[in-house]
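Engineer: missing the sequence, but the structure's below:
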């Protein structure tokens, strides 16, 4: 798989949605972001998803899903 900001955002969103109640807080923790950087060392902080971008992605994905049901 090729590294991309969109790919990381998708993976982090799925992780957070499928995890426990506090999972959204995970996106901003240093240990989690360090894991992402360890997988792709050239990653800059601006390329990593924040809690806000993940939250927005979850909402947008839900809206798209509901629109597709119509």
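Structural biologist: All right, it came through fine. Values in this document were obtained by computation on a predicted structure and should not be read as measured data.

Engineer: poorly predicted segments of the protein, please.
Structural biologist: Scanning the chain with the threshold set as pLDDT under 70 gives 1-2, 20-22.

Engineer: helices of that one, start to end?
Structural biologist: 5-17, 23-26, 30-39, 51-69 (DSSP state H).

Engineer: let's have the ones you listed in JSON lines, adding distance to residue 45 and mean neighbour count.
Structural biologist: (Glycine included, C-beta is placed from N, CA and C.) Conversion of these to JSON lines gives the following (distance: least, Cβ to Cβ, whole Å; neighbours: other Cβ atoms under 10 Å):
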{"stretch": "helix 5-17", "distance to residue 45": "12", "mean neighbour count": "16"}
{"stretch": "helix 23-26", "distance to residue 45": "16", "mean neighbour count": "15"}
{"stretch": "helix 30-39", "distance to residue 45": "8", "mean neighbour count": "12"}
{"stretch": "helix 51-69", "distance to residue 45": "12", "mean neighbour count": "12"}
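
Engineer: for this protein, which residue is closest to the average position?
Structural biologist: With the centre of the chain defined as its mean C-alpha position, the nearest residue by Cα atoms, centre = their mean is residue 12, 3.0 Å away.

Engineer: not counting sequence-adjacent ones, nearest residue to it?
Structural biologist: Of all residues not flanking residue 12 in the chain, residue 49 sits nearest, at 5.0 Å (Cβ to Cβ, 6 or more residues apart in numbering).
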